[in-house]
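*Asks:* pasting the structure only:
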């Protein structure tokens, strides 16, 4: 039940986009069509689902104070936590590079549609945010960290697909010229964020 709670909270109550507004650059730039939004959203789910558990293991078995005691009791006093940021970023960059190569190999059309924003997942703040939230919340098992990661990815996926569907619909609407494009997208995102605030009242 605890894993279900973490999963649901990550999607709706602590949504990366609507609760923390993380990853907004890719969210706004790649949400012009549902097809590209689905592709990028799936890539974010995969990257989060891999990097957060890997960073969890790195945090608990290498970086934390005393984490290296499993190697030798003499290393129980070693504290490498000051390397957390750079190690988390290195893991994210490595996994994103892997995703980029796979997408280019097996889905060249999607690779072309995503353009520069696929490698930019490496600097997508929602990806690093997932690792930092994992570190802050001190999940007790790798299953909890993995559930949080996948839930956060699904939440980001739902957010970008939803805004992409809305943007496709309003493309032919009578929108005032000053608000066309990013203007109306910011307004809709704000309204969706307010709507998602309703989930914050749910006690899980």
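*Replies:* Structure's in. What do you need? This structure is a prediction, so every number in the text was calculated from the model and none was measured.
*Asks:* who's in contact with stretch 142-157?
*Replies:* With contacts defined as CB atoms under 8 Å, 6 or more residues apart in numbering, stretch 142-157 is touched by 2-3, 6-12, 14-17, 23, 27, 38, 41-42, 44-49, 51-53, 56-57, 126, 130, 133-134, 137, 139. Bear in mind the C-beta positions are built from the backbone N, C-alpha and C, glycine included.
*Asks:* next one: the helix or strand of the chain with the lowest mean pLDDT to chain centre, how far?
*Replies:* Between all helices and strands in the chain, the lowest mean by mean pLDDT, DSSP states H and E belongs to helix 108-114, at a mean of 79. On the basis of CA atoms, centre = their mean, to the nearest Å, helix 108-114 sits 20 Å off its chain's mean C-alpha point.
*Asks:* mind listing what's buried along it?
*Replies:* Going by neighbour count (16 or more other CB atoms under 10 Å), the buried part of helix 108-114 is 110-111, 113-114.
*Asks:* just for this structure, where's the confidence low?
*Replies:* Scanning the chain for pLDDT under 70 picks out the ranges 1, 203-204.
*Asks:* state the three-state secondary structure for the residue of it most remote from its centre.
*Replies:* In the chain, counting by CA atoms, centre = their mean, residue 74 sits farthest out from the average C-alpha position, at 37.5 Å. Under the three-state scheme (DSSP: H, G, I helix; E, B strand; the rest coil), residue 74 adopts helix.
*Asks:* how about the one 4 residues further on?
*Replies:* Under three-state DSSP, residue 78 falls in the coil class.
*Asks:* what's the neighbour count on it?
*Replies:* Neighbours of residue 78 under the rule other CB atoms under 10 Å: 16.
*Asks:* what ranges do the helices span in the protein?
*Replies:* Taking DSSP state H as the test, the helices found in the chain are 2-8, 24-29, 34-58, 84-106, 108-114, 125-137, 142-170, 182-196.
*Asks:* which helices and strands does the fifth one pack with?
*Replies:* Where contact means 3 or more CB pairs under 8 Å, 6 or more residues apart in numbering; DSSP states H and E, helix 108-114 is packed against helix 34-58, helix 84-106.
*Asks:* where's residue 151 relative to residue 68, distance?
*Replies:* 30 Å (CB to CB, to the nearest Å).
*Asks:* cool, and residue 109?
*Replies:* Where residue 68 is concerned, residue 109 sits at a distance of 46 Å (CB to CB).
*Asks:* check residue 121 too.
*Replies:* Going from residue 121 to residue 68 by CB to CB gives 31 Å.
*Asks:* same drill for these two, tell me which one is more crowded.
*Replies:* The neighbour count for residue 121 versus residue 68, taken as other CB under 10 Å, is higher for residue 121 (25 against 19).
*Asks:* what's the nearest residue to that one if we skip its chain neighbours?
*Replies:* Setting aside the residues directly before and after it, residue 121 is nearest to residue 96 in space (CB to CB, 6 or more residues apart in numbering), at 4.8 Å.
*Asks:* show me the contacts for the one you found.
*Replies:* So residue 96 contacts 47, 118-119, 121-122, 127 (CB under 8 Å, 6+ apart).
*Asks:* in a markdown table, list these along with distance to residue 86.
*Replies:* Formatted as a markdown table, the contacts of residue 96 follow (distance: CB to CB, whole Å):
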| residue | distance to residue 86 |
| --- | --- |
| 47 | 18 |
| 118 | 23 |
| 119 | 19 |
| 121 | 18 |
| 122 | 13 |
| 127 | 15 |
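*Asks:* all set, thanks.
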